[in-house]
Every structure is written in structure tokens, then in C-alpha cells.
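Q: sequence and computational prediction follow.
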Amino acid sequence: MLNCKKEYCTGCGICTYSCPKRAIKMEVSLEDFFYPEVDSSLCVHCDLCNKVCPSLNKPAVGETIGCYAVQLKDKVALQHCASGGAFYGIAQTVLEQNGIVFGVKDLGTKLFYKKTATLEELNELTGSKYYQCSISEETYCEIIASTQKGLTLVSGTPCMVAAIQNLKGINRKNLLTFEILCQGVPSKTVIEKFYTETAAKHGSLVQNHIFRSKDRYVGRNYLNRYQFNNGKVVYLIGEEDPLSLSFQRQIFLRESCYRCQYANEARTTDFTAGDLWKTDIKGVDIKHGCSVLLCNTSKAKCFLDETRVFSLGKIDSKTALKDNIPYHHPVKRPKCRDWSYKLLCHGISPKRVTVLCCWKYYIKRLLKGK
């Protein structure tokens, strides 16, 4: 019987995939997060679900071998990446070695974890995604099969990649793992409701939303680019966008994110990547985005040494990651998380819920005349 407590469940679905008796199904909660439901009449107590659960079994911890500031040399590809293109560069190198890459594709209000075999397909996986992506049972099968055939790169949030690492039947010699430092994920419902509200305001459906556009440099702030079906384009800087504000203040995150066992310095993947906002490495222009890239295993270090796609330089990890919260500890659960989803589910608009949760922020803006 599955022993993972609900508040620690990451919603990865690996328990469902691994159950030999199909006794576990993933059900959607009122907040629109997936959680496992066990049919006790079918359970044979084999304990396999507990053995693969990333909340109960953390993969072997790697010790950071090197920390680097990296930026793609290909400026066209870099323009479409959220930071310095760390994932794109590693993935490109894997594909050039006839390997396979798995990552998240954004289709607006739906995310897909998909298999990629070409550079053209790789372009679909670039950019930041700010809500939870589920991995299908079919995709888990594809990942296992891919590692049996050759080099396979899997990417995602730390808990997502950990679930993949726990898969039975995977060939770890061919597996290369890449995680993004992550503070947490809201549900798809939050994104959908924000987009509906934004569409009503501008009189047209949201066609595309880039959370971190590089159309212009705005420092450490995120430049949100909303493109609408009527051709209109709207830019909102940082917390001017209520959706970004709700994310930065962590008011709609999954409960497990506030208790994340992967938000610490003990990394479990080959590569760890995050934002880097300041560096003096030669050849790196911070205005075009830069990533901090950790090599946590000798496999990762050897692989990076073979790549020729980055402008890079070795940096001090403590300095580079000093202010990166999820590298040290989980984000703090705000008190308003007790009722943020309740209001949302009762028809209160997401912006209004955000205003109620972040009332101090909005009062300060009013006092400043904004």
C-alpha cells in the first residue's frame, strides 16, 4: 500500500505506472492537481509503489564537481531560451551524438512531456514553464526503451527527474539527467483562469504567453509577453503581471512544493541549472541571459568538457547560488495558501485573489502612485 502522504506527493504518477495490478489511479483534486488513489481490493502489498516514489526514495546524491557560467554561442537559439540556454546546449550535444532528449513542450494551457530527436523539435522545448506538467505512462515506457537503445537526456523539475531515475528497467549507463532549480508549481487551473481574465480585459484570446521574453532587457525582472489572437502584443514587467506576482509570492503552489525534499544543496542529477544574473566571464553578455550550470557527477563533467556550444567559465557555486532560494531550502508557505484556491474555486477572479493575498504589495504601489 502506498505510504506517501498527500502533502508530500509530487503528482509524478510513477506509482500508477509501476503498479503491476493497476491498483493505483491518478485523480484530479479540486485544486486541479493529480494525486494517487489506491484500490485496496486490488493491492497485493508488493511495495513497488513505495520503492519508486521520489518523495519516499531520493536517488543517490551527487557531489558537485564544477560550477560554471554558461551562455549559448548560437545567438538565435539563445534568444528563445529563458536564461543562458544551458539545457538547449546540453540537449543539442546529445542530439549531435545521435541521442534522444525528453523535455516539456508548452501548448499554452497544456504541457506535454515529449520525446525529441531533432534540433527542429528541440526548439519546441525551450523557454520557462510555470505550472505542473504530468508524464504519461506511454512516455515513461518511451524513456525506458530509449535508455536501452542509447544516450538519453531527461530534463525537468528535480522531483520529476527523480521519478524517472527511480524507474525500474531503465539503463542508467545511458541516462543523462538535467534538472532546473524550481521553487514550485501552480496548477493548470490557475493559468487558465488568468488567461481568461486577461483575454476579457484585452478583448481577444491569449494566443501565446512568453513568461521571460528577451525582446528587451529589464534586468532581474521577468518580461512577460502576451500575444493575442487579434494581433495585439502586451508587455508586463515582473510583478506588474498578476500571474507573475502570484508565482513570485508562492500563493498557488502545490502543497509538496513547500516541503520539497529536493530544495537543498544535495543534488540528485548529473546537471543542475538556474539563473545567473551577474558574471565577469569573458564572452558572456549578461543582457542576453546567462545560466549557472552545476556538474554533479563525473559523467556530467566529462560531457560538458566535450561540448563546444557554450561560452563558459568556472565560477564559485556559493557566490553564484547565494540568493537562489530552492538551492538552499523550500519556499515558505504563505498563510493565504489556506484559502487562495478556495476563493478561486468559488469563482473569485485570480487577480482579485492575488490582490487579497498580496495586499501589502498593492498598497505600496498605490502610495507610490503606480
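A: Now that the structure is in, tell me what you want to look at.

Q: check which helices and strands the longest helix along the chain is in contact with.
A: If you go by DSSP state H, the chain has its longest helix at helix 188-202. Taking 3 or more Cβ pairs under 8 Å, 6 or more residues apart in numbering; DSSP states H and E as contact, the helices and strands that helix 188-202 lies on are strand 206-210, strand 223-228, helix 242-248, helix 340-345, helix 350-357. In this view, the C-beta of every residue, glycine as well, is placed from N, C-alpha and C.

Q: give the buried residues for the fourth one.
A: It stands for helix 340-345. Going by neighbour count (16 or more other Cβ atoms under 10 Å), the buried part of helix 340-345 is S340, Y341, L343, L344.

Q: quick one: list the elements packing against it.
A: Going by 3+ Cβ pairs under 8 Å, 6+ apart, helix 340-345 lies up against helix 188-202, helix 350-357.

Q: so what's C182 closest to, chain neighbours aside?
A: In this structure, C182 finds its nearest non-sequential neighbour in T157, 4.4 Å apart by Cβ to Cβ, 6 or more residues apart in numbering.

Q: and that neighbour, how many neighbours?
A: Around T157 sit 25 other residues, with neighbours defined as other Cβ atoms under 10 Å.

Q: now do the one 4 residues further on
A: One way to gauge burial is a neighbour count; for V161, by other Cβ under 10 Å, it gives 27.

Q: same question, E121
A: Count around E121 with other Cβ under 10 Å applied: 15.

Q: residues contacting it?
A: The neighbourhood of E121, defined by Cβ atoms under 8 Å, 6 or more residues apart in numbering, consists of K114.

Q: any regions of the chain where pLDDT drops low?
A: For the chain, the stretches with pLDDT under 70 are 370.

Q: just the helices in it please.
A: Using DSSP H, helices in the chain cover 14-18, 48-52, 75-79, 86-96, 119-122, 137-149, 158-165, 188-202, 242-248, 298-306, 317-320, 340-345, 350-357, 359-367.

Q: and Q227, which of those is closest to it?
A: Nearest to Q227 among the helices of the chain is helix 188-202; the distance by Cβ to Cβ comes to 10.5 Å.

Q: buried set for the closest one?
A: K188, T189, V190, I191, E192, K193, F194, Y195, E197, T198, A199.

Q: that helix to strand 223-228, inter-axis angle?
A: If you take axes from the mean of the first three to the mean of the last three Cα atoms, to 10 degrees, helix 188-202 sits at 70 degrees to strand 223-228.

Q: contact partners of helix 188-202?
A: With contact meaning Cβ under 8 Å, 6+ apart, helix 188-202 is reached by 31-32, 108-111, 130-132, 205-206, 209, 226, 228, 232, 234, 242-243, 246, 252, 344, 349-351.

Q: that older thread, any chance of a markdown table for the helices and strands packed on helix 340-345, columns distance to P334?
A: Converted to a markdown table, the helices and strands packed on helix 340-345 look like this (distance: least, Cβ to Cβ, whole Å):
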| stretch | distance to P334 |
| --- | --- |
| helix 188-202 | 15 |
| helix 350-357 | 7 |
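
Q: which one of these lies closest to L95?
A: Comparing the helices and strands packed on helix 340-345 by Cβ to Cβ, helix 188-202 comes nearest, at 29.1 Å.

Q: what angle do that closest one and strand 206-210 make?
A: Using the same axes, to 10 degrees, helix 188-202 lies at 120 degrees relative to strand 206-210.

Q: how many residues are close by N208?
A: 12.

Q: quick check: it touching Q227?
A: Yes. Using Cβ atoms under 8 Å, N208 makes contact with Q227 at a distance of 4.4 Å.

Q: sorry, back to before: packed most tightly, which of the helices of the chain would that be?
A: helix 158-165 (a mean of 26; mean count of other Cβ atoms under 10 Å).

Q: centre-most residue in the protein?
A: Residue closest to the average C-alpha location in the chain (Cα atoms, centre = their mean): T157, at 4.3 Å.

Q: list the contacts of it.
A: T157 touches E179, I180, C182, V185, counting by Cβ under 8 Å, 6+ apart.

Q: in stretch 278-289, which residues are buried?
A: Within stretch 278-289, the residues that qualify as buried are T279, I281, V284, I286, H288, G289, counting by 16+ other Cβ under 10 Å.

Q: ok, the fourth one touching D275?
A: Spelled out, it's I286. No. Using Cβ under 8 Å, I286 is not in contact with D275; the gap is 10.6 Å.

Q: just how off-centre is stretch 119-127 within its chain?
A: 15 Å (Cα atoms, centre = their mean, to the nearest Å).

Q: offset the numbering so it begins at 834, please.
A: From this message on, residue numbering opens at 834, which makes the last subject stretch 952-960.

Q: hang on, the earlier thing: dump the buried residues of helix 1173-1178 to CSV, plus distance to L1000.
A: As requested, the buried residues of helix 1173-1178 are arranged in CSV below (distance: Cβ to Cβ, whole Å):
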residue, distance to L1000
S1173, 34
Y1174, 31
L1176, 38
L1177, 34
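
Q: what's the farthest-apart pair in those?
A: Y1174 and L1176, at 7.4 Å, using Cβ to Cβ across these.
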